[in-house]
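Chemist: Quick one, structure for this:
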Amino acid sequence: MMRNKRSNFCVISLQTCEEVRMNGVKKYWLSIGFALGFISPAYADVVPVYEIKQTASTYLQTTLTHDIYRYSSNSQLTDLLVVDQQGNKLPYRISTPSAETSVQHEQIPVRFFPVPVGAAPETLLIFSSASIRLDDNEISVSAEKGMGSAAENPAAPTDFYLVDLSDLKTRADQLSLLWPVNEAHQYLEVEVSGTNDMSNWAPITKTTLVQLQKNGEFLTRNKIPLNLGEMQYAYLRLKFIRGAENLILTQVQVENSQALTKALQRDTWELDGSLVKSTESALRAQRHTPQQPVAAWEFERDDIAPVSKASITLGDIQYGDIIHIFSRANSKKPWNLVHQGIWFNVQVGNEWQQSNAIALHNNTHTQWRVELHETLGAKTTPKLVFERDAQTLEFIANNAAPYSIAIDNKTTTDHLTLSSQIFSQLTAGKDIQWQQTTLEPLNPSLSSFSRHQFHVSWKTVLFWLVLIGAVSALIWVAVRLVGQMKNQQTK
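Modeler: Model (predicted):
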């Protein structure tokens, strides 16, 4: 009995030793495979990056920043997915919001008064102090003493209306008129001219005004387009050439319109760089120019977001000199000159002001280099600031929350284009109210994504295979020779 147990123990021990030996061999070859790039670490096909909790709305939208480009392997985000709790793909689209524009209207009352037929230019000048008053639906004109007989005769027919713009300090887009509604004054044809001296009149425009009322319905067209610059004319003449018999104006206003554009949300982030020991400019290698010592800093970002603007911050260091900015996709590529010019960073009063951000064209390079005057090397550590328009992600939920924004590591499908087509069909012709929601970052490891994996080209693999084969052949030849020499010695 003891012998059987001992035999079993020996068998188990031998099996265990063999397993340990085989595991050691496997680990050895796996380590070689990882080192040579023949074997890549495994990673999940779909990795969630953000999560959206329970929400009552079906049509959801959220903001995407440059952070999503840390995980994606494509600057167009073609590997992005929106999935529900069960992993079902949801239709979505990514867009850049357009600027929202609103129009603000400003109405400025101005003085006006009727001018009798035959009034001389010097007589018109006193009308600048005249005023119109409306009391109990009656119109009265008051002016300073000494207006002259032409102005004192209220029964004299009106030749035209004079509008005083001398106190107006803004432009005049259009003129708005009001008059009592009646059948005699439904259609008014008017000519507008301007002057600064009451003698020389310049024609401005000619138009027809309309004010109709029937069965409680109104039709009004009482605005005259002017498009006058600031203080272009001190006075306007409104000459009614048709339909203005016994016309009495009750109100004249200058109306200006101003378009207000709401600034788009900008996605801004900054990088810290490291000072380069070499003082040789990267520009010299490109253009073979004479060597000029510079202070250079290099930066590396872990995202591939398309950048539209870049700038640097120098803190409280006065600077006004040359700047070179370079970028490249990786360390195996040469530096590309992105910008060359003058950069200033100066203190004005209590504020620091600097040059405007440099415009870029959707630059996705990850490595950057900034060169400044050589004296700045020991004085400051600049920061590189990137800007881009924030993007909006819209998707259609299915009441299976939580939802995930994920990256598909092994896809060859353009998820964005395919999903956008489905999205368009589902939303076509619908007036949809989108609910803004917040993303909760899951902070997955960058090593879980294919872009951050170690990739080896087929040329490198072929080189190592040939090298290993050659070394193996040499070892085999050496072993054969040693064996033959031993055989000869024994004989």
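
Chemist: Please parse the protein into its domains.
Modeler: Annotated domains of the chain cover 50-99+391-446, 105-261, 266-389 [automatic domain parsing].

Chemist: Kindly state which of those is positioned closest to A473.
Modeler: Nearest to A473 among the domains of the chain is domain 266-389 (31.8 Å), distances taken as CB to CB. All C-beta spots, glycine's among them, are computed from the backbone N, C-alpha and C.

Chemist: I'd like the domains of the chain written out as a markdown table, with distance to S472 and mean pLDDT added.
Modeler: Listed next are the domains of the chain as a markdown table, based on distance: least, CB to CB, whole Å; pLDDT from 0 to 100:
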| stretch | distance to S472 | mean pLDDT |
| --- | --- | --- |
| domain 50-99+391-446 | 33 | 92 |
| domain 105-261 | 71 | 81 |
| domain 266-389 | 30 | 92 |
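
Chemist: Which per-residue confidence value corresponds to E19?
Modeler: Per-residue confidence at E19 stands at 46 (pLDDT).

Chemist: just so I know, which of the domains of the chain lies nearest H452?
Modeler: Closest approach to H452 among those (CB to CB): domain 50-99+391-446, 4.6 Å.

Chemist: now the end-to-end length of that closest one.
Modeler: End-to-end span of domain 50-99+391-446 (CA to CA, to the nearest Å): 14 Å.

Chemist: same deal with stretch 429-438?
Modeler: 27 Å.

Chemist: picking up where we left off before, which one, of the domains of the chain, ends up nearest to Q488?
Modeler: Taking CB to CB, domain 266-389 is the member of the domains of the chain nearest to Q488, at 52.8 Å.

Chemist: Torsion angles phi and psi at the residue minimising distance to the centre of the chain?
Modeler: Note on the chain: the residue nearest the mean C-alpha position is D389, at 2.1 Å, using CA atoms, centre = their mean. Here is the backbone geometry of D389 (degrees, to the nearest 10): phi -80, psi 130.

Chemist: contacting residues for it?
Modeler: T96, P97, L264, Q265, R266, D267, S308 (CB atoms under 8 Å, 6 or more residues apart in numbering).

Chemist: Correct me if wrong: the first one contacts N362.
Modeler: No - counting by CB atoms under 8 Å, T96 does not reach N362; the two are 11.5 Å apart.

Chemist: re earlier: using TSV, lay out the domains of the chain together with distance to V477.
Modeler: Below are the domains of the chain laid out as TSV (distance: least, CB to CB, whole Å):
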stretch	distance to V477
domain 50-99+391-446	43
domain 105-261	79
domain 266-389	37
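
Chemist: what about these, which gets the closest to M485?
Modeler: domain 266-389 (47.6 Å).

Chemist: Quick one: end-to-end length of that closest one, please.
Modeler: So domain 266-389: terminal residues 5 Å apart, CA to CA.

Chemist: now stretch 386-398
Modeler: 36 Å.

Chemist: buried stuff in that stretch?
Modeler: F386, E387, R388, D389, Q391, T392, L393, E394, F395, I396, A397 (16 or more other CB atoms under 10 Å).

Chemist: any idea which of the residues you listed is closest to P444?
Modeler: Closest approach to P444 among the buried residues of stretch 386-398 (CB to CB): L393, at 17.8 Å.

Chemist: separation between that closest one and L442?
Modeler: Computed as CB to CB, to the nearest Å, the L393 to L442 distance reads 16 Å.

Chemist: L360 now?
Modeler: Going from L360 to L442 by CB to CB gives 30 Å.

Chemist: Settle it for me: which of the two has more neighbours?
Modeler: L360 (19 against 13; other CB atoms under 10 Å).

Chemist: just checking, the more buried one touches N336?
Modeler: No - taking contacts as CB under 8 Å, L360 lies outside contact range of N336: 11.3 Å.

Chemist: Are any of the contacts of D389 buried, and if so which?
Modeler: Buried among those by 16+ other CB under 10 Å: D267, S308.

Chemist: For the contacts of D389, work out which two are farthest apart.
Modeler: Checking the contacts of D389 with CB to CB, the most distant pair is P97 and S308, at 14.2 Å.

Chemist: Indicate which one of the domains of the chain is closest to V471.
Modeler: domain 266-389 (27.1 Å).

Chemist: re the thing from before, show me what the residue nearest to the centre of the chain bridges to in the sheet.
Modeler: Beta-bridge partners recorded for D389 (DSSP bridges): R266.

Chemist: Relative to T65, how far out is it?
Modeler: D389 is 11 Å from T65, by CB to CB.

Chemist: Which stretches in the chain count as helices?
Modeler: Remark: helices assigned in the chain by DSSP state H are 2-36, 121-125, 149-152, 282-287, 415-427, 458-490.

Chemist: Now do the contacts for the closest residue to Q265 other than its chain neighbours.
Modeler: Distance criterion CB to CB, 6 or more residues apart in numbering; nearest residue to Q265, sequence neighbours excluded, is A390 at 4.5 Å. A390 is in contact with T63, L64, T65, T96, P97, L264, Q265, R266, D267, counting by CB under 8 Å, 6+ apart.

Chemist: With Q104 instead?
Modeler: Contacts of Q104 (CB under 8 Å, 6+ apart): S257, Q258, A259, L260.

Chemist: Widest-spaced pair of those residues?
Modeler: S257 and L260, at 10.2 Å, using CB to CB across these.

Chemist: tell me, what's touching those two both at once?
Modeler: With CB under 8 Å, 6+ apart, S257 and L260 have common neighbours V103, Q104.

Chemist: show me where the stretch 51-200 of the chain has strands.
Modeler: In the stretch 51-200 of the chain, the strands defined using DSSP state E, counting those that start in this stretch lie at 59-64, 80-83, 92-95, 100-109, 111-116, 131-135, 138-142, 158-164, 172-178, 187-195.

Chemist: Just the endpoints, please. Distance across stretch 436-447?
Modeler: So stretch 436-447: terminal residues 31 Å apart, CA to CA.

Chemist: Next: stretch 260-267.
Modeler: Stretch 260-267 stretches 22 Å from its first residue to its last (CA to CA).

Chemist: what's it in contact with?
Modeler: Contacts of stretch 260-267 (CB under 8 Å, 6+ apart): 63, 65-66, 97, 99-104, 305, 387-391.

Chemist: Just grab the bridge partners of L228 for me.
Modeler: On the basis of DSSP bridges, L228 is bridged to A172.

Chemist: Verify the stated contact: it with N196.
Modeler: No - proximity of L228 to N196 does not meet the contact threshold set by CB under 8 Å, at 12.0 Å.

Chemist: got any residues that touch both of these two?
Modeler: By CB under 8 Å, 6+ apart, no residue touches both L228 and N196.

Chemist: Between the two, point out the one with more neighbours.
Modeler: Under the criterion of other CB under 10 Å, the comparison of L228 against N196 puts L228 first, with 20 against 15.

Chemist: contacting residues for the more buried one?
Modeler: R171, A172, D173, G194, I204.
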